[in-house]
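In: take this sequence and fold it.
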Amino acid sequence: MLMTILWGGTYVAAPTYSMTDLIEAFTIDTTSKMINQIFQQYQAYVQFTDLGDDASGTKCNTDTHGPETARYCADGGVYYVKAMTENGNVPNSAMPYGYSGLDGVNIQPWWISAASSKVYRQYHLTFNSSDEFAFTDTLGDLIASNVNNIKGLIGQLPGEWSLPVCDGGKNYFGCDDVGNNWCGGNETSTTWEASGRTSGIITIDHQWVPCACGFQGNETMQFYNNTGIAANLNMENIAASCMRSMAENNNQGYLQINGGMPLNNEITMDSSYTMTMTSTNAKPTTSPVHYV
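Out: Below you'll find the model as predicted:
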């Protein structure tokens with residue numbers, strides 16, 4: 001980290017830090033990088049929703065579609081740390097394993113959202129973690145604008161955290177938020193049948209999961225790959241859940257995608273599934289998800 005800062009050519013007068021301060025900063029920096037690697041093994045990610053917000057984060061500061069401790073306001077919207085899990089056949093959005101223990105190691109959860117957002121805005125989903133000079137310019141700018149509080153940046157620097165980000169446009173892709181009861185069990189059910197199945201129609205519960213990431217949904221497949229969701233979870237159930245949520249309220253999910261409707265009204269989810277928007281306004285009971 002120090003070499004990266006020096007390489008950026010930013011000169012800062014030497015601050016006066018005690019040995020205790022330095023040990024604390026080093027511990028937080030190292031611990032963050034270690035937990036970042038662990039979280040990535042459990043399908044953790046960061047969700048961004050465009051709120052059309054002002055520079056003060058007026059809308060973001062009162063948003064309740066995720067826990068306040070994980071909320072980070074920037075880029076006109078809100079970022080939340082989340083993780084994709086399964087409960088039987090139910091794909092859902094929850095908090096990463098071990099999230100509740102972060103305070104115990106002096107890590108504030110919103111730091112994860114902040115650092116990961118900076119990685120995403122610079123590289124989108126193509127970040128190379130082996131490039132030690134990847135954040136030279138970003139770190140230089142951060143330090144130059146925080147010369148009186150360099151220590152305060154530790155724990156929220158890009159590279160300490162680098163979870164994949166799903167830019168969902170104006171979609172939330174979180175648990176239903178009825179009555180501000182986040183993940184409060186307000187799921188609906190959907191019955192669907194994808195072509196290529198041999199087991200017939202199945203019924204699963206539904207909670208909102210990330211379905212269309214990036215400009216016109218063009219980062220969706222890469223997001224699923226980078227998070228390990230495609231490799232470790234049931235993409236058939238995820239595709240079915242997404243088809244349901246994206247079609248809610250007259251296809252509002254599709255209409256709120258970053259950059260508008262995807263090309264040919266299709267979003268490639270992985271090598272086996274493509275999600276296609278239907279022309280009907282009714283909530284689908286048969287999913288048009290199909291093998292490609």
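
In: distance of residue 220 from residue 74?
Out: Going from residue 220 to residue 74 by CB to CB, to the nearest Å gives 22 Å. Just so you know, the C-beta spots here come from the backbone N, C-alpha and C atoms, and that holds for glycine as well.

In: so for those two, which residue has more residues nearby?
Out: residue 220 (24 against 17; other CB atoms under 10 Å).

In: make sure that one is actually in contact with residue 227.
Out: No. Between residue 220 and residue 227 there is no contact under CB atoms under 8 Å: 11.1 Å.

In: and the end-to-end length of stretch 38-52?
Out: With CA to CA, to the nearest Å as the measure, the first residue of stretch 38-52 is 33 Å from its last.

In: list the buried ones in it?
Out: Buried residues in stretch 38-52, counted by 16 or more other CB atoms under 10 Å: 39, 40, 43, 44, 45, 46, 47, 48, 49, 50, 51.

In: residues near residue 37, how many?
Out: By the criterion of other CB under 10 Å, residue 37 has 11 neighbours.

In: for whichever strand or helix holds it, packing partners?
Out: Assigned by DSSP states H and E, residue 37 belongs to helix 19-39. Helix 19-39 is packed against helix 110-123, with contacts defined by 3 or more CB pairs under 8 Å, 6 or more residues apart in numbering; DSSP states H and E.

In: CA atoms only for the helix it packs on, dumped as CSV, please.
Out: Output of helix 110-123 as CSV, limited to C-alpha atoms (Å, rounded to 0.1, in the frame of the first residue of the first chain):
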residue,chain,number,x,y,z
TRP,A,110,-19.9,0.7,5.1
TRP,A,111,-16.2,0.8,4.4
ILE,A,112,-16.7,-2.3,2.3
SER,A,113,-19.3,-0.6,0.1
ALA,A,114,-17.1,2.5,-0.2
ALA,A,115,-13.9,0.8,-1.2
SER,A,116,-15.7,-1.6,-3.6
SER,A,117,-17.5,1.2,-5.2
LYS,A,118,-14.2,2.9,-6.0
VAL,A,119,-12.9,-0.3,-7.6
TYR,A,120,-16.0,-0.6,-9.7
ARG,A,121,-16.1,3.0,-10.9
GLN,A,122,-12.4,2.7,-12.1
TYR,A,123,-12.5,-0.8,-13.5
